[in-house]
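[1] The following block contains a protein sequence and its predicted model.
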Amino acid sequence: MKRKQCTLASLLLLMVVAAVACGNKSNSGSRDEDTAETSTVNVPHFNADSAYTYVQAQADFGPRVPNTDAHRACGDYLAAKLEQFGAKVYNQYADLVAYDNTILKARNIIGAYNPDSRRRVLLCAHWDSRPYADEDKDPAKHQTPILGVNDGASGVGVLLEVARQLQRQAPAIGIDIIFFDMEDYGTPQFAETLTDDSDTWCLGSQYWSRAPHVKDYNARFGILLDMVGGRGATFLKEGVSLQYAEPVVKKVWHAAKKLGLENYFVDEHGGYVNDDHVPVNEIARIPCIDIVNCDLNGELSSFGDFWHTLDDNMDVIDRNTLQAVGQTVLQVIYNEK
């Protein structure tokens with residue numbers, strides 16, 4: 001996650017940006033948010049204990065920093081789990097250049113369900129962890145890799161449980177689950193660069209957006225999960241999501257409201273976050289939203305005081321938050337026709 005804080009944007013700016021939109025290939029969001037209620041759909045129950053186990057399994061590998069043994073081992077684990085849960089698995093390998101010109105061995109991992117269907121929804125999260133604890137209070141720790149349990153593993157854990165449910169009960173549409181690599185290898189605070197470093201983040205999703213795993217790939221819309229396991233998390237309507245995919249934001253927040261989860265999915269505008277949904281929107285031209293923690297009262301960071309520190313560990317994970325996000329995602333995708 002780029003070190004841009006989640007701050008409230010002015011209503012005027014949001015109105016202007018929302019009007020700029022997009023020429024996306026999909027007009028998924030044009031369907032009314034109440035469409036899902038016109039028929040009764042048996043939506044599976046999201047198992048938060050299961051998701052928690054998948055988060056823990058990733059943490060057990062240690063920091064999943066590209067070019068490390070832990071990264072390679074965790075990638076193999078994720079691909080194997082998707083295959084175990086019935087997905088057609090694609091491994092997209094690439095040599096990508098980091099902010100400091102390091103060549104990184106990247107791996108995007110894709111699990112496709114009902115791959116022949118042209119009616120598709122994209123679900124995604126990043127699976128790498130940050131190589132630097134550059135937001136830690138102690139400068140001596142800034143070059144230490146973090147475990148990245150909330151920032152990385154939580155979104156993947158939720159999507160692995162979604163994958164398990166997809167195998168047990170197929171929805172009416174095709175689903176693609178993508179674990180993006182190298183989201184969090186962006187320019188660190190201590191580099192003190194004066195140039196725009198926004199493109200040093202989200203390298204895996206930038207690569208996939210230019211060269212998807214299948215030719216002419218398209219989806220109705222996408223949902224990105226980032227930092228979705230923290231205790232007391234709140235999810236505001238993120239700015240880039242509103243710019244490119246406001247109908248999808250409405251769809252997801254409406255589903256959460258129907259589930260009684262308004263305390264998690266707050267009906268307020270958040271700020272703009274440079275995350276994996278940006279290249280999906282701007283390069284792949286698929287309307288994609290970001291469900292990302294935004295705590296406007298956070299003392300150190302709106303992403304949580306443990307963000308990009310060594311304290312981003314299993315202690316911050318709450319099954320209730322995993323449940324709220326996972327059940328909302330299931331509610332959305334099983335009501336797509």
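    Perfect, thanks for sending it.

[2] would you list every one of the helices in the stretch 151-300 of the chain?
    Counting by DSSP state H, counting those that start in this stretch, the stretch 151-300 of the chain has helices at residues 154-168, 203-210, 239-258, 277-282.

[3] Quick check: residue 311 vs residue 138, distance?
    Residue 311 sits 11 Å away from residue 138, going by Cβ to Cβ, to the nearest Å. (Each C-beta comes from the backbone N, C-alpha and C, glycine too.)

[4] cool, and residue 42?
    When Cβ to Cβ is applied, the distance between residue 42 and residue 138 equals 50 Å.

[5] neighbour-wise, which of the two wins?
    Under the criterion of other Cβ atoms under 10 Å, the comparison of residue 42 against residue 138 puts residue 138 first, with 10 against 6.

[6] where does that one land on pLDDT?
    Per-residue confidence (pLDDT) for residue 138: 95.

[7] re earlier: could you dump the helices of the stretch 151-300 of the chain into a markdown table with mean neighbour count and distance to residue 320 added?
    Formatted as a markdown table, those follow (neighbours: other Cβ atoms under 10 Å; distance: least, Cβ to Cβ, whole Å):
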| stretch | mean neighbour count | distance to residue 320 |
| --- | --- | --- |
| helix 154-168 | 25 | 13 |
| helix 203-210 | 23 | 28 |
| helix 239-258 | 22 | 14 |
| helix 277-282 | 25 | 24 |
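
[8] JSON lines please, covering the ones you listed and showing distance to residue 73.
    Putting those into JSON lines (distance: least, Cβ to Cβ, whole Å) gives the following:
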{"stretch": "helix 154-168", "distance to residue 73": "14"}
{"stretch": "helix 203-210", "distance to residue 73": "18"}
{"stretch": "helix 239-258", "distance to residue 73": "33"}
{"stretch": "helix 277-282", "distance to residue 73": "27"}
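
[9] Can you say which of those helices is nearest to residue 303?
    Of all the helices of the stretch 151-300 of the chain, the one in closest proximity to residue 303, counting by Cβ to Cβ, is helix 154-168 (12.0 Å).

[10] and the closest one, what does it pack onto?
    When contacts are defined as 3 or more Cβ pairs under 8 Å, 6 or more residues apart in numbering; DSSP states H and E, helix 154-168 packs onto helix 48-60, helix 69-84, strand 103-113, strand 120-126, strand 174-180, strand 221-226, helix 319-334.

[11] Show me where the stretch 101-250 of the chain dips below the pLDDT cut-off.
    Along the stretch 101-250 of the chain, the parts satisfying pLDDT under 70 run over 193-195.

[12] Now do the contacts for residue 92.
    Shown here is residue 92, whose contacts under the criterion Cβ atoms under 8 Å, 6 or more residues apart in numbering are 107, 108, 109, 110, 207, 208, 211, 213.

[13] ok, those residues vs residue 96, which is closest?
    Of all the contacts of residue 92, residue 96 sits closest to residue 207, with 6.3 Å by Cβ to Cβ.

[14] For residue 221, see how far away the closest one is.
    With the distance defined as Cβ to Cβ, residue 207 ends up 21 Å from residue 221.

[15] now swap in residue 335 and tell me
    According to Cβ to Cβ, residue 335 and residue 221 sit 13 Å apart.

[16] So for these two, which sits in the more crowded spot?
    In terms of neighbours (other Cβ under 10 Å), residue 221 is the more surrounded of residue 335 and residue 221; the figures are 27 against 20.

[17] didn't the more buried one look like it was pressed against residue 120?
    No: the criterion here is Cβ atoms under 8 Å, and residue 221 misses it with residue 120 at 9.3 Å.

[18] out of everything not next to it in sequence, what's closest to the residue nearest the centre of the chain?
    Geometric centre of the chain, nearest residue: residue 225, 2.7 Å, by Cα atoms, centre = their mean. With Cβ to Cβ, 6 or more residues apart in numbering as the measure, residue 155 is the residue that lies nearest to residue 225, at 3.5 Å, once sequence neighbours are left out.
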